[in-house]
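[1] Have a look at this prediction, sequence included:
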Amino acid sequence: MTEKGQTSIGTEERVLMCGNEALAEAAILAGCDAYFGYPITPQNEIPAYMSRRMPEEGRVFVQSESELAAINMVFGASATGKRAMTSSSSPGISLMQEGISYLAGAELPAVVVNVMRGGPGLGNIAPSQSDYFQATRGGGHGDYRTIVFGPSSVQEMADCMSLAFELADKYRMTAMILADGFLGQMMEPVVLKKRPSPELPPKDWALTGAKDREQNIVRSLWLGEGVLEDLNFKLDDKYKQIQKNEVLCEQYEVDDAEIIVVAYGIAARIVSGAVTRAREEGIKVGWIRPVTLWPFPTEQISKAADEFRLFLTVEMSTGQMVEDVKLAVAGKAPVVFYGRPGGGVPTVDEILDKIRQLTIRHKTQDSRLKTQDKR
Amino acid sequence: MTANGLYEEIIIAGFGGQGIMLTGKLLAQTAMQAGKEVTYMPSYGAEVRGGTANCMVIISETKIACPVVAKPDSLIVMNKASLNKFGPRLKNHGLLIMNSSLIDTEPQLDETIEIISIPADELAVELGSQKSANMAALGAYLQKRAYLTADQAGQALPNVLAKRYHKTLPLNIKALQCGAEFTKSCCKV
C-alpha cells in the first residue's frame, strides 16, 4: 500500500497518504515501541500498516483477540516504561473504557486512537463525531480525564501523534486522537518527519526489574483510608495544569465577526469552506477550531463572547461539543447548533445557508436591542 | 476555476474492480507531484465490495478547505449505474467523461455540460488488456482539462501502483496516452 512513499518519510518531501497510514507512520517516528489492536472499519489501515512496519523496525505488533485485550496489553507495556498505543473505532473504544479508566487510576501513559464511526451500537461505518462526550468526559468510570486531540487534516493526524506520546509521558495519562472515518480514509499530501522531543521526566516508576532498587508498584486499587481521595486531588491538580498549559486552538477572522462558527475535525474543514464563501458575500463571520477538545479552549471562546455575537456550533452529531461552547460563552451570547448525525456529512451549502439565516436573525436582534436602548 | 486559478472537483465512479480508486489516487498523486494541493476521498467499507465504487478528488492552486465534493466540476463514469447516480450532481458547464463501452444511453443532462464519450474498454482491449480502461478514461480527461498531461500521469503511476503490478506500467502508460489521443481527435476546436 505505502511501499512506494517510504523513501520520502523522514524528509521534507510531500507524500500522498491516507490519514490512518500517516498517523501510523507518525507513531513510529514518535518512538512507539508497541502497538496492540483489533480490526474494525474505518481504521483498519492502522493495524494493517503497523503489522508490516513495526516488525521492520524491530518493535512490537500484536493483533489481540479483542479490544479488551488490546487496551490491557497497552497497560502492561506502558507499565514497563515503553511507549504503547492502540487504535479502534467507536464500538471498540467503548469496549476499552474499563482499561482506560485503569490506566488513569494507575497513572500510566498511553495513546488511544478513535477513528469515529456512526453510533450508537454497531451503528454504521460512515464518519461521525458522536463520541465527543465519551472522549472528553473520561468515558470510563471514576474521576479522570484524557487529553483529546481533534485533528482536521492528514498532516494534523500525523502531527498530533508525536504530541500525544509526549503529553502522555509528561503527565502520565492517556492521550486520545479523536478522528473520524473521513480523516482516516482521505488522502492528502503530508510531510512526515521526526519532531524533536523535549526533556521528559524519567520513568522511574516503571516496572523494569527491582534489582538494586526499591520495588515499584503499578496499580489502580487504593483501599487505604484517604489514599484514593489524595490520588483524586493529585490527578485534579494535574488536569488543572493541563487546562492551563496545553490548550491548542485555531481562529480565523474572529476580530470583526458578528457570527462565530465553532467546529472541530473534518466538520471544521467544511465550516472553513462555508465561512470563506460567506465572507465573499460580505457576511462578517469567522471560526474557532478547537484542536485539543480536552483541554477545551474555554478561555478563547469566552473572550470572543465578550462582544455581542452569535455562536454557531457545527458537529457531525446531534450536539455534544455545543455544551462546552455554551459553558465557555456562559450566557453572554446566543449559541445555536447545526448537526448531521449517523454518518451524515454536512455540505458547504448547508452551513452557508445556516450562516445566511443567522445573519438575518442577528440583524433583527441587533435592531431590537437598539430600539430597546432608545426607549 | 476561481480568481486564485485552478480549483477542480472531480468524482470518478464505476463498479468494484474497474480501478476507480487507483484512477483517483493517480490523479491526486500526479497533481501533488506538479506542486498542486490535493485531497482524495474514497468510498470505503461495505460499499466497495461488488457494488459501486467512487472517489472524490479536489485539485487546487491554494489550500483546500472542504474535501467533500457535493457538485463536481468533472465526472468520470465507467458504467451506467454511476452515470445515473452522479450525472445529476454535475455542475452546469461541467465536463462528463463517460465510458461508452458500458453505457449505451445518451445522458439526459443540462445542455451546458460537455460530454466526451470514450469507448474505454474497447480501446484498452486493443492495447492488450481491458483492465487499463480506467487509464484511457483518465487520459481523455487530462487532455481535455489540460492542467496536467497524460505524460505526467504516466510518470506518477509507479508511485501509486503496487510494486507487484509494475509489469503493467507500459500498458497503462500507453492507455493514458491513447485516451489523450482520443480526446484530441474527437474534440477539434
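    Looks like it came in fine.
[2] Tell me where chain B has helices.
    B:20-33, B:80-86, B:120-127, B:133-145, B:150-160, B:169-186 (DSSP state H).
[3] Pipe those into JSON lines and attach mean pLDDT, mean neighbour count and distance to chain A per row.
    Any C-beta I mention is one placed from the backbone N, CA and C, and that applies to glycine too. Formatted as JSON lines, the helices of chain B follow (pLDDT from 0 to 100; neighbours: other C-beta atoms under 10 Å in any protein chain shown; distance: least, C-beta to the nearest C-beta, whole Å):
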{"stretch": "helix B:20-33", "mean pLDDT": "97", "mean neighbour count": "25", "distance to chain A": "5"}
{"stretch": "helix B:80-86", "mean pLDDT": "94", "mean neighbour count": "19", "distance to chain A": "15"}
{"stretch": "helix B:120-127", "mean pLDDT": "97", "mean neighbour count": "21", "distance to chain A": "24"}
{"stretch": "helix B:133-145", "mean pLDDT": "97", "mean neighbour count": "27", "distance to chain A": "16"}
{"stretch": "helix B:150-160", "mean pLDDT": "97", "mean neighbour count": "20", "distance to chain A": "5"}
{"stretch": "helix B:169-186", "mean pLDDT": "96", "mean neighbour count": "20", "distance to chain A": "13"}
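[4] could you redo the ones you listed as JSON lines and give each row distance to A:Pro297?
    Formatted as JSON lines, these follow (distance: least, C-beta to C-beta, whole Å):
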{"stretch": "helix B:20-33", "distance to A:Pro297": "32"}
{"stretch": "helix B:80-86", "distance to A:Pro297": "39"}
{"stretch": "helix B:120-127", "distance to A:Pro297": "50"}
{"stretch": "helix B:133-145", "distance to A:Pro297": "41"}
{"stretch": "helix B:150-160", "distance to A:Pro297": "38"}
{"stretch": "helix B:169-186", "distance to A:Pro297": "48"}
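[5] so where is chain A shaky, pLDDT-wise?
    When residues are selected by pLDDT under 70, those of chain A lie in A:1-10, A:362-375.
[6] Show me which residues of it are close to chain B?
    A:1, A:3-5, A:14, A:16, A:41-42, A:125, A:181-182, A:185-189, A:266, A:269-270, A:272-274, A:276, A:345, A:347-349 (C-beta under 8 Å from any C-beta of the partner chain).
[7] which residues sit in contact with A:Ser66?
    Taking C-beta atoms under 8 Å, 6 or more residues apart in numbering or on different chains, we find A:Ser66 in contact with A:38, A:95.
[8] Which residue would be the closest one in chain A to chain B?
    In chain A, the residue that lies nearest chain B is A:Gly273 (3.5 Å; C-beta to the nearest C-beta).
[9] Just confirm that residue is within a strand.
    No: judged by DSSP: H, G, I helix; E, B strand; the rest coil, A:Gly273 forms no part of a strand; its state is helix.
[10] quick one: contacts for it?
    For A:Gly273, the contact set (C-beta under 8 Å, 6+ apart) comprises A:348, A:351, B:65-66.
[11] same thing but at 7 Å, please
    Neighbour list for A:Gly273: A:348, B:65-66 [criterion: C-beta atoms under 7 Å, 6 or more residues apart in numbering or on different chains].
[12] With distance to B:Tyr141 and neighbour count added, can I get these in a markdown table?
    Converted to a markdown table, those look like this (distance: C-beta to C-beta, whole Å; neighbours: other C-beta atoms under 10 Å in any protein chain shown):
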| residue | distance to B:Tyr141 | neighbour count |
| --- | --- | --- |
| A:Val348 | 24 | 22 |
| B:Ala65 | 24 | 20 |
| B:Cys66 | 22 | 25 |
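[13] Which members of the residues you listed occur in strands, if any?
    Using DSSP state E, no member of the contacts of A:Gly273 falls in strands.
[14] Among the residues of chain A next to chain B, which lie within helices?
    Reading helices off the residues of chain A next to chain B with DSSP H, I get A:181-182, A:185, A:266, A:269-270, A:272-274, A:276, A:348-349.
[15] I'd like to know which of these are buried.
    Buried members of those, scored by 16 or more other C-beta atoms under 10 Å in any protein chain shown, are A:181-182, A:185, A:266, A:269-270, A:272-274, A:276, A:348.
[16] May I see those residues organised as TSV, with distance to B:Ile173 added?
    Below are those laid out as TSV (distance: C-beta to C-beta, whole Å):
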residue	distance to B:Ile173
A:Gly181	34
A:Phe182	32
A:Gln185	28
A:Ile266	35
A:Arg269	34
A:Ile270	37
A:Ser272	38
A:Gly273	35
A:Ala274	40
A:Thr276	38
A:Val348	36
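[17] those strands in the stretch 251-375 of chain A, which residues are they?
    Ranges of strands within the stretch 251-375 of chain A are A:259-262, A:285-290, A:292-294, A:310-315, A:335-339, based on DSSP state E, counting those that start in this stretch.
[18] out of those strands, deepest packed?
    Among the strands of the stretch 251-375 of chain A, strand A:259-262 has the highest mean neighbour count (mean count of other C-beta atoms under 10 Å in any protein chain shown), at a mean of 27.
[19] and that one, what does it pack onto?
    strand A:285-290, strand A:310-315, helix A:348-374 (3 or more C-beta pairs under 7 Å, 6 or more residues apart in numbering or on different chains; DSSP states H and E).
[20] How about A:Trp222: what's its closest non-neighbour residue?
    A:Leu228 (4.3 Å; C-beta to C-beta, 6 or more residues apart in numbering or on different chains).
[21] What does the one you found show for phi and psi?
    Backbone torsions for A:Leu228, taken as degrees, to the nearest 10, come to phi -70, psi -40.
[22] Hmm, it is touching A:Arg219, no?
    No: in this structure, A:Leu228 is not within contact of A:Arg219 by C-beta atoms under 7 Å, at 11.5 Å.
[23] which of the two has more neighbours?
    A direct count of neighbours by other C-beta atoms under 10 Å in any protein chain shown for A:Leu228 and A:Arg219 places A:Leu228 higher, at 16 against 10.
[24] what's around A:Glu225, how many residues?
    By the measure other C-beta under 10 Å, the count of residues near A:Glu225 is 6.
[25] Can you list phi and psi of it for me?
    phi -60, psi 120.
[26] For B:Pro107, give me its contacts.
    B:83, B:87, B:96, B:98, B:115.
[27] Most neighbours among the residues you listed, which one is it?
    Tallying neighbours with other C-beta under 10 Å puts B:Met98 at the head of these, with 26 neighbours.
[28] what bridges to the residue nearest to it when sequence neighbours are not counted?
    The shortest distance from B:Met98 to any non-neighbouring residue, by C-beta to C-beta, 6+ apart, is to B:Val77 (5.1 Å). Beta bridges link B:Val77 to B:Ala13, B:Met98 when assigned by DSSP bridges.
[29] doesn't B:Leu83 make contact with B:Val77?
    Yes: using C-beta under 7 Å, B:Val77 is in contact with B:Leu83, at 4.5 Å.
[30] So for those two, which residues contact both of them?
    B:Met98.
[31] can you give me the helices in the stretch 51-200 of chain A?
    For the stretch 51-200 of chain A, applying DSSP state H, counting those that start in this stretch gives helices covering A:67-79, A:90-95, A:97-105, A:132-136, A:154-171, A:181-185.
[32] list the buried ones in the third one?
    If I follow you right, that is helix A:97-105. Applying a neighbour-count criterion of 16+ other C-beta under 10 Å, one finds A:97, A:99-105 buried in helix A:97-105.
[33] One more: the fourth one?
    Counting neighbours by 16+ other C-beta under 10 Å, one finds that the buried residues in helix A:132-136 are A:132, A:134-136.
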